[in-house]
Structure formats: structure tokens, C-alpha cells
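>>> just coords:
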């Protein structure tokens, strides 16, 4: 509780920057997806699959958040999309101010879809609005089916839950029905996709949905922080 | 940077509590292992395997840190070990003060080995000394081989790296040599174990090593926070 006053101050500052980001992105008509997950759940692979399916129909860019290294940014840049790396220098989440600086380095007027790949973390990123249109999370079969109960705030905060690595069904212990029921209880309105970025199974349903959201505008339109 | 002063204050307060914890645990001769990992890497399974192999030779207890739920604590309590649940209420790591309160609820004088299962997070837990004898991390084959480069501070801070889910070699993309090389570069003195909590492969080498550490005292003896 002793941290609360300070945290509120930081969040207020973040929210101001997020509001500015949102205004810039809406003016430029860029659909922006904040992609969150545990380390190794498949955020970069999911974004790579979307680029593969939706380019050149859509103009796509990526802001890549990592504590260290530019492995993912290098990988995605090789696919021919504008990519800006944010190294958070130890911080466990992206903040709106850093995203704002990254936006200045992107050709926003020419973009349709912008991914913000957050730091691998199921906890901290949800507290920081970035100005995104849509919050997505990736959970993987390898992580087990109890993640919704253990990290409920993340599952509640997002508009889309992507269950990745479905090729591991029957190999890793995972009760699909239990997972889907728990997600449905925490977040009845979330869109859910089950896919494997490795094999490609289920990817098309996800990219088709994403293309629709970008083209027709999202059913959800965020005007402030998490949850609305 | 604006957070630094406040963070230092919190860390100082944490370090005081950690020092007290360390004194209590050393007096009671309890070997304490802080177990950290991404969500779903296998912390609870690793602890369960140790209990299975080392009880009743060693008297074991667990302090279980979760943001929400008591799924893991319930699971381990069923194995007959004293278990205390800490729900962090949203916080992304265990802190020494909460561990101190949990210690008061355990029969320390009768214990040999105490696990502190941290919140699933590869970033924040390393900043908080808990008074442990030993820091361990679990990484899993399913997460990919690039985790050392992406989360270097965690790999540098620990005494032991456990690579779990080796039954997924050949199923998930994972370059074993690249992973081991990266760990060795970041932390040449770390003990490394490769195992599968699911199949049991490699578990005995790990529990034999752990039993030795508990019996003869660790080669590493922490006297303050991370890294020494």
C-alpha cells in the first residue's frame, strides 16, 4: 500500500501519454494491437504469421518491447515491415511515453496495422495503457490450463485470447475445456482463437478476424485505460 | 529514472526484512531455495518432484507465492508438506516482509529444506532478496532457446538453472547447444540440470545434488541481495 501514491502518479503520467498516442493513431487510422504473454508463449511468432498472411493487403509495422536484445525486432524487420525496438533497460512492461517516441519513427499515415509487442510478463503490462485499439494475449498449451485462475487480471483485461501451440495437445498436460471455461467465466466477451504458429493450424481464422477488425473498425473501441 | 528513489526505499526495507529472514533460517539450519520462472515453466512440478524424492529423508516445507488462487499450494499440501500460501494481491513478485510472516507459521526448527515458489515472472522477482540460501530458475524447452538473451538479469542472478520439459526436444523448436552456451556466457558458475518433470527423466541428478547442498551446506552462501 505504501507504493500506491507513487504508482498512481506514474499511471497518471502514463495515461496522459497513452491518450496522446491514441489520438495520433486514430487520426492516422492505424489499428493498434498490444500483444501480451508469458515469455516464450509465441508473441513474435503470432505477429510474424499475421504479417505473412496480411501483407501486402495491409501496411503493417511493429514496435518491439524487450528488456534486452533485438532478436525479435531483427526477425520481423527481415519480413520487410518497419520495426522499432524499445529496450526497457530492465523494466517489466512497455510504457506509453516510450511508445510515443517510437511512433515518431514510424510512417503512421501509411500504416493500417501496428503491433506493440510487450515484454514477456503476465502481470505488469496490463497496468499500462499504451493508447492501443485492442489488447490481445497469447497463452500456450505448454503453460498449462490453470493460467486464467493464476493470472486473472490479464485474462480479464484483454479483448482477444489466443491459445497458441495447439500442436502440443495430447503431449503436454492441458484440459482444453477447463481452460476455455475459465476464460469464459473471467471474460465472456473476449474473442478466442486456438492455433499453432508452428504448424499454421488455426492461423487463418485469426488473421481473417484481424483483417476484418482493421478494415471495418473494431467492435471494441477503447477510450481510456484497461477494461472499457 | 523518476522511480529510482522510491524503488531504492522499498528495496532497503525489503533488504532489512530479508536479512532478518536469513538470520532466522540460518539459526534454524533451513536450506531455502527461491524458485523463479515464467508462468507455466514448471516450478510447482519441480518442487513436487523434489518432495517425492527427498521425503522423508528431509523435512520439507513450501511457501507458495501467487497473485491469485491456491491451486499449487493445495497440490503440494496434499503431498504432506507444510505449505503457506501468499497471495500477492496483484504484485508481480514475492517480498521479504510477506515471507517473514509466512515463516512465523512454519515449524522452522524441524525443517531441513524450504522452497519459496515465487510468482511466475522472469523480471521482477530478482530485485527482491527474500533471505534465501539459493536462487534457482526454471526455464522450459517450450519457451525457446533465446530466453537467456532476452532475460539476462534472471540468468545471471541465479545459482541453479533447471531446463525443464526436455521431453519436448524435437517437438518444439529449441537449439540445446545455443541455450547452454548462452547460459554459460551469462553465468559460468551456475549449476545446470536438464530434466522433465513430466516423464521423470533427469530428475534424480537434480534431487541428488539438492540433497547434497542441504546436507553439507551450499558452496554458495549468500550474505546479501542478488549476485554475491
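Cool, the structure landed. Note that the structure is predicted; figures quoted are calculated from it, not measured.
>>> and the helices in chain A, which stretches?
A:4-27, A:43-54, A:71-77, A:96-103, A:147-150, A:152-157, A:176-186, A:203-216 (DSSP state H).
>>> could those go into JSON lines alongside mean pLDDT and distance to chain B?
Where C-beta positions appear, they are placed from N, C-alpha and C, glycine not excepted. Shown next, in JSON lines, are the helices of chain A (pLDDT from 0 to 100; distance: least, Cβ to the nearest Cβ, whole Å):
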{"stretch": "helix A:4-27", "mean pLDDT": "86", "distance to chain B": "5"}
{"stretch": "helix A:43-54", "mean pLDDT": "98", "distance to chain B": "9"}
{"stretch": "helix A:71-77", "mean pLDDT": "95", "distance to chain B": "5"}
{"stretch": "helix A:96-103", "mean pLDDT": "97", "distance to chain B": "11"}
{"stretch": "helix A:147-150", "mean pLDDT": "96", "distance to chain B": "5"}
{"stretch": "helix A:152-157", "mean pLDDT": "97", "distance to chain B": "5"}
{"stretch": "helix A:176-186", "mean pLDDT": "98", "distance to chain B": "10"}
{"stretch": "helix A:203-216", "mean pLDDT": "96", "distance to chain B": "16"}
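>>> enumerate every residue touching the residue most central in space within chain A.
In chain A, the residue lying closest to the centroid (Cα atoms, centre = their mean) is residue A:35, at 1.0 Å. Listed by Cβ atoms under 8 Å, 6 or more residues apart in numbering or on different chains, the contact set of residue A:35 reads A:43, A:46, A:47, A:115, A:116, A:117, A:118, A:136, A:137, A:138.
>>> can you check what pLDDT the model gives it?
Here the pLDDT value assigned to residue A:35 is 98.
>>> again, but for residue A:90
Residue A:90 carries a pLDDT value of 87.
>>> which residues does it contact?
A:67, B:123, B:153.
>>> same check on residue A:153?
A:123, A:126, B:67, B:90.
>>> circling back: and which of the contacts of residue A:90 is nearest to residue B:173?
For the contacts of residue A:90, the minimum distance to residue B:173 (Cβ to Cβ) is 21.6 Å, reached by residue A:67.
>>> distance of that closest one from residue B:69?
27 Å (Cβ to Cβ, to the nearest Å).
>>> and residue A:8, what is it in contact with?
Residues counted as contacts of residue A:8 (Cβ under 8 Å, 6+ apart): none.
>>> now do it against residue B:89, distance only.
16 Å.
>>> number of nearby residues for residue A:19?
Using other Cβ atoms under 10 Å in any protein chain shown, residue A:19 has 16 other residues around it.
>>> ugh, wrong one, residue A:216
By other Cβ under 10 Å, neighbour count at residue A:216 equals 8.
>>> residue A:27 too?
10.
>>> kindly report the same for residue A:48.
Neighbour count for residue A:48, taken as other Cβ under 10 Å: 19.
>>> and residue A:59, by the same measure?
By other Cβ under 10 Å, neighbour count at residue A:59 equals 17.
>>> what's the separation between it and chain B?
Taking Cβ to the nearest Cβ, to the nearest Å as the measure, residue A:59 falls 28 Å from chain B.
>>> ok, residue A:124 next?
Residue A:124 sits 5 Å away from chain B, going by Cβ to the nearest Cβ.
>>> and what of residue A:164?
Going from residue A:164 to chain B by Cβ to the nearest Cβ gives 10 Å.
>>> contacts only, for that residue.
Counting by Cβ under 8 Å, 6+ apart, residue A:164 touches A:41, A:42, A:45, A:46, A:138, A:139, A:140, A:141, A:195, A:196, A:197.
>>> closest to residue B:147 out of those residues?
Nearest to residue B:147 among those is residue A:41, at 11.8 Å by Cβ to Cβ.
>>> leaving out chain neighbours, which residue sits closest to residue A:52?
Nearest residue to residue A:52 in three dimensions, chain neighbours excluded: residue A:79, at 7.3 Å (Cβ to Cβ, 6 or more residues apart in numbering or on different chains).
>>> and the one you found, how many neighbours?
By the other Cβ under 10 Å criterion, the neighbourhood of residue A:79 contains 14 residues.
>>> per-residue confidence for it?
Here, the pLDDT recorded for residue A:79 equals 96.
>>> could you measure from it over to chain B?
Distance from residue A:79 to chain B, counting by Cβ to the nearest Cβ: 17 Å.
>>> can you put the contacts of residue A:153 in TSV and add distance to residue A:217?
Shown next, in TSV, are those (distance: Cβ to Cβ, whole Å):
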residue	distance to residue A:217
A:123	30
A:126	24
B:67	34
B:90	32
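>>> returning to what we had before: which among the contacts of residue A:90 gets closest to residue A:214?
The closest of the contacts of residue A:90, once distances to residue A:214 are taken by Cβ to Cβ, is residue A:67, at 29.2 Å.
>>> is it true that the closest one touches residue A:118?
No. Look at residue A:67 against residue A:118 with Cβ atoms under 8 Å: they stay out of range, at 11.1 Å.
>>> which one's more surrounded, the two?
The neighbour comparison of residue A:67 against residue A:118 (other Cβ under 10 Å) goes to residue A:118, with 29 against 23.
>>> against chain B, how distant is that one?
In this view, residue A:118 and chain B are 12 Å apart by Cβ to the nearest Cβ.
>>> I figured that residue hits residue A:66, correct?
No. Counting by Cβ under 8 Å, residue A:66 is not a contact partner of residue A:118; they are 9.5 Å apart.
>>> pull the number of nearby residues for residue A:106.
Using other Cβ under 10 Å, residue A:106 is surrounded by 18 other residues.
>>> state the distance from the residue lying closest to it once chain neighbours are set aside to residue A:50.
Distance criterion Cβ to Cβ, 6+ apart; nearest residue to residue A:106, sequence neighbours excluded, is residue A:61 at 5.2 Å. According to Cβ to Cβ, residue A:61 stands 12 Å off from residue A:50.
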